[in-house]
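Novice: next comes the sequence, and after it the predicted model I'd like to discuss.
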Amino acid sequence: MIISLTTVLRRCWQAFPALLLILLAIFRLPVLAETAPVPFSTPTTALIAAILAISAMISLMTLSKAVSAAILFAGAHAGAFLLLAGLAGNEGLARSPFFLLLSACWLLAWACVARLSEMRSLSDASGAVLRLLIPAIFGAWILIIWEAATRGFGIPFILLPPPSAIGARIVNSLPILGADVYQTVFKAVLVGYVVGCSAGFLTAILADRISFLRRGLLPIGNMVSALPIIGVAPIMVMWFGFDWQSKAAVVIIMTFFPMLVNTVAGLAASGAMERDLMRTYASSYRQTLIKLRLPAAMPFIFNALKINSTLALIGAIVAEFFGTPIVGMGFRISTEIGRLNVDMVWAEIGVAALAGSVFYGVIALAERATTFWHPSSRGG
C-alpha cells in the first residue's frame, strides 16, 4: 500500500492539493459577493469544479506523459478561462472560493509543465515545440494570475492595470508603438549595438596583440562600465543632439567594454597544449588567431553579445528620457506617465520586453549554430 501511494504521488502529487482546494471552494460558495451585478451562475461553478476534479483524477491514472499533459493543460486553462470570464462587470467582488478554484487551476498547470519537462523529444521539431511550449505556459500563468488579482481584488487601474487592458491598448495603438520601435530599436539600438560590439571586438584583438594596451585599457574599461547611465546620457545629448545619434552613442559606450573584456578573456581560453601544437606547425599569430583562439573565444564573444542585447535597449530607452524628438519608447513612457496613462506605459514596457526577448533569441540561435561543438550547446 505504501509503494502504491508513493507511485501515485510521483505520478502527479499536485492533484491531491488541487482536489482539496476544490472541496474547500464548494463548501464556501458563492464565488462572488452577493452584491455582484452579474451573478456567477451555479451551473458554471459546478462545471468548473467538475472540469478541475476530473482532470486531477485522470492525471493520477497510468497514462502516457503526452496524454496526461494534454488533459491537464485543457482542464487548467478551461477552468481559468471560465473563472476570469465570470469577473466581467464584477471587479473587486471575488470571494475566497474564486481564488481557491484558481489555485487549483494553477496546480494542474504546474503538473502539466512538470509532465512536459519529463518528456523526451523524438525529433528536432518536437524538441523545439517543447522548448517553446513550457515557457509559454509558464508566462501565460503569470498573466492569468496578474489578471485575476487585479480584477478580483479590484486594484485601482492607476496602480496596476490588468493585462487585458494593456493588450487592448497595444492593439489600439499599433501605429504609435510601431513608430516608437522604429525610432528606438531600428535606429538607436541597432546602430549603437553594431558599432559598439564591433569596436570592442577589434580593440580586444589589438589588446591581445599589444601587451601594454591590454594592461592599460582593461582597468579603464572596468571603471567606464561603472559609470551611471543617467550621468552619461545627458552629456551625449548635448554632444550629438536630440535625435537618435545621441542614443546610439550611449549604446556604444554601454556595449563597448563588455565586448572588450569578454573577448580578451575568450582569447586566453585556448589551452596551452593547443597553442604549443600550433607553434610546432610554425603557425603565425594570424593563423593561430583564426584557427584556434577565435573559435575557442566564441562562447565568450556570444556571451557578450547576449549581455549587450539587453544593455543596448535599456541604454537607448533611458537616454530618451533626457531629450528626444516626439517619438521613441523612452519619450512615450516619460510623457504618458505624466498624463497618468498607465496602460500606455505598460504597453510600451511590454513591447520593449518583447523586442528585447526577440533580439536576445536571435543572438542565442546564432550562438547555437556557431558553437554547436561546445558542451553547453550539445547539452541542449
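Specialist: Nice, thanks for sending it over. Residues are numbered from 1 along each chain as shown.

Novice: rest of the way, CA atoms for contacts and neighbours
Specialist: OK.

Novice: please identify which helix or strand holds residue 66.
Specialist: helix 65-85 (DSSP states H and E).

Novice: quick one: contacts of that helix?
Specialist: Identification of contacts with helix 65-85 by C-alpha atoms under 8 Å, 6 or more residues apart in numbering yields 44, 48-49, 51-52, 55-56, 58-59, 98, 102, 104-106, 108-109, 111-113, 115-116, 118-119, 144, 147-148.

Novice: please pick the buried ones from the residues you listed.
Specialist: For the contacts of helix 65-85, a burial check counting by 16 or more other C-alpha atoms under 10 Å picks out 48-49, 51-52, 55-56, 58-59, 98, 102, 104-106, 108-109, 111-113, 115-116, 144, 147-148.

Novice: so which of the residues you listed are in strands?
Specialist: With strands taken from DSSP state E, there is no overlap with these.

Novice: can you read off the pLDDT for residue 259?
Specialist: We have a pLDDT of 91 for residue 259.

Novice: okay, and it sits in which element?
Specialist: Using DSSP H and E, residue 259 falls in helix 244-267.

Novice: so which elements touch that helix?
Specialist: helix 190-209, helix 211-225, helix 229-240, helix 294-319 (3 or more C-alpha pairs under 8 Å, 6 or more residues apart in numbering; DSSP states H and E).

Novice: so what's the gap between that helix and the chain middle?
Specialist: 22 Å (C-alpha atoms, centre = their mean, to the nearest Å).

Novice: for that helix, C-alpha coordinates in CSV please.
Specialist: C-alpha atoms of helix 244-267 as CSV (Å, rounded to 0.1, in the frame of the first residue of the first chain):
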residue,chain,number,x,y,z
TRP,A,244,18.8,59.0,-32.4
GLN,A,245,22.6,59.7,-32.8
SER,A,246,22.9,60.6,-29.1
LYS,A,247,21.1,57.5,-28.0
ALA,A,248,23.3,55.4,-30.3
ALA,A,249,26.3,57.0,-28.6
VAL,A,250,25.1,55.9,-25.2
VAL,A,251,24.5,52.4,-26.6
ILE,A,252,28.1,52.3,-27.9
ILE,A,253,29.5,53.2,-24.5
MET,A,254,27.4,50.6,-22.8
THR,A,255,28.3,47.8,-25.2
PHE,A,256,31.9,48.5,-26.0
PHE,A,257,33.6,47.4,-22.7
PRO,A,258,31.5,44.2,-22.1
MET,A,259,32.6,43.0,-25.6
LEU,A,260,36.2,44.1,-24.9
VAL,A,261,36.5,42.3,-21.6
ASN,A,262,34.8,39.1,-22.7
THR,A,263,36.7,38.8,-26.0
VAL,A,264,40.1,39.3,-24.2
ALA,A,265,39.1,36.6,-21.7
GLY,A,266,38.0,34.3,-24.6
LEU,A,267,41.2,34.8,-26.5
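
Novice: gap between stretch 242-252 and the chain center?
Specialist: For stretch 242-252, the distance to the chain centre is 25 Å (C-alpha atoms, centre = their mean).

Novice: contacts for it?
Specialist: 183-184, 187-189, 191-193, 195-197, 229, 232-233, 236-237, 239-240, 311-313, 315-316, 319-320, 323-325.

Novice: which of the residues you listed are buried?
Specialist: Buried among the contacts of stretch 242-252 by 16+ other C-alpha under 10 Å: 183-184, 187-189, 191-193, 195-197, 229, 232-233, 236-237, 311-313, 315-316, 319-320, 323-324.

Novice: and residue 36, which of the three is it?
Specialist: coil (DSSP: H, G, I helix; E, B strand; the rest coil).

Novice: tell me the secondary structure at the closest residue to it other than its chain neighbours.
Specialist: Of all residues beyond its chain neighbours, the one nearest residue 36 is residue 90 (5.7 Å), with distances taken as C-alpha to C-alpha, 6 or more residues apart in numbering. Here residue 90 is recorded as coil under three-state DSSP.

Novice: list the buried ones in stretch 157-164?
Specialist: For stretch 157-164, by 16+ other C-alpha under 10 Å, it's 160, 161, 162, 163.

Novice: and that stretch, end to end?
Specialist: 12 Å (C-alpha to C-alpha, to the nearest Å).

Novice: all numbers from here: first residue = 56
Specialist: Sounds good: first residue 56 from here, last item stretch 212-219.

Novice: what is the mean pLDDT for that stretch?
Specialist: Mean pLDDT, computed over stretch 212-219, is 88.

Novice: can you give me the neighbour number for residue 270?
Specialist: 12 (other C-alpha atoms under 10 Å).

Novice: cool, and the one 10 residues further on?
Specialist: Applying other C-alpha under 10 Å, we find 16 other residues in the vicinity of residue 280.

Novice: ok, it - contacts?
Specialist: By C-alpha under 8 Å, 6+ apart, the neighbours of residue 280 are 309, 312, 313.

Novice: how far does stretch 213-220 sit from its chain's centre?
Specialist: 19 Å.

Novice: what does stretch 400-414 give?
Specialist: 10 Å.

Novice: ok, stretch 207-221 next?
Specialist: 21 Å.

Novice: cool, stretch 231-248 as well?
Specialist: Counting by C-alpha atoms, centre = their mean, stretch 231-248 comes out at 19 Å from the chain centroid.

Novice: that older thread, of all the helices and strands packed on helix 299-322, which one is nearest residue 77?
Specialist: Closest approach to residue 77 among these is made by helix 349-374 (42.3 Å; C-alpha to C-alpha).

Novice: between whichever helix or strand comes after that closest one and helix 349-374, how many degrees?
Specialist: Beyond helix 349-374 in the direction of the C-terminus, DSSP H and E gives the next helix or strand as helix 384-393. Interaxial angle, helix 384-393 versus helix 349-374 (axes from the mean of the first three to the mean of the last three C-alpha atoms, to 10 degrees): 30 degrees.
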